[in-house]
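Enquirer: Dropping the sequence and predicted coords here.
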Amino acid sequence: MTTREKILNRIKKGVAPNVDLPDMSIAESWITPINHHDLKLVLESVGGDLQYVDSVEELNYKLGDMFPESLNIYSNVKGVDSNFSIKNKTAIELANIGVAVLNGDFIVEENGAVFISDKNMGLDSIPTITEYLVMVIPKNNIVKTMHQAYKQFNLRELRYGTFISGPSKTADIESTLVFGAHGAKNLTVFMVNE
């Protein structure tokens, strides 16, 4: 027997047996109803803000109060005022987006993460290149857990999607939490009645 064969035989003897994967399903009975107060607290704990509006008109009014007119506002939300187009813009020109108002697909109560797919971004870089990020979600598009969140979409049907939980942040700088370190300085989620 060659040295190679001896080594391979030893490896084969040391291989762990195949076992079935654990059951990762969660009984629906364990999941409590959506709690909007808890969702707000969770989102605030990660540096975000949650607000409720009854209509796109009210959303426009609130955005006008939140952001000065001097900022470039890009929106792909129907009915929301926008003064910046991403069409035919270079990456450097896209860096001039002050506020991006985007449709989120849904939000997760347990961690305040908003899922946004490429269908709602405009461009993949917009949620991270903008100075301020506003996500708009229909009031009923809330799931309780990340287990439920992953059942909301089919990865094979998406080109790109991401979960965003609060503004960009890091605690690497002298152990101090810094917001807006490498992306949006602020995340506001508006839940809109449909």
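Expert: Perfect, I can see it now. The model shown is predicted, which means the values in this text are computed figures rather than measured ones. Numbering: from 1, shown residues only.
Enquirer: Buried residues, stretch 89-104. List them.
Expert: Neighbour counts over stretch 89-104 (16 or more other C-beta atoms under 10 Å) mark Leu94, Ile97, Gly98, Val99, Ala100, Val101, Leu102, Asn103, Gly104 as buried. Every C-beta, even on glycine, is put in place using the N, C-alpha and C of the backbone.
Enquirer: How much space separates the first one from Gly166?
Expert: Pointing back at Leu94 there. 22 Å (C-beta to C-beta, to the nearest Å).
Enquirer: And for the third one?
Expert: Look at Gly98 and Gly166: by C-beta to C-beta, they are 19 Å apart.
Enquirer: again with the fifth one
Expert: Distance, Ala100 to Gly166, by C-beta to C-beta: 15 Å.
Enquirer: residue contacts, Met1?
Expert: Asn9 (C-beta atoms under 8 Å, 6 or more residues apart in numbering).
Enquirer: 7 Å - rerun?
Expert: The neighbourhood of Met1, defined by C-beta atoms under 7 Å, 6 or more residues apart in numbering, contains no residues.
Enquirer: And the contacts of stretch 138-155?
Expert: Taking C-beta under 7 Å, 6+ apart as the rule, stretch 138-155 contacts 26, 31, 34, 39, 105-111, 115, 117, 161, 191-194.
Enquirer: Sort out which residues of it are buried, please.
Expert: Asn141, Ile142, Val143, Lys144, Gln148, Ala149.
Enquirer: Which strand residues bridge the third one?
Expert: Looking back up the chat, that one is Val143. Val108 (DSSP bridges).
Enquirer: Per-residue confidence, it, what does it come out as?
Expert: pLDDT for Val143: 92.
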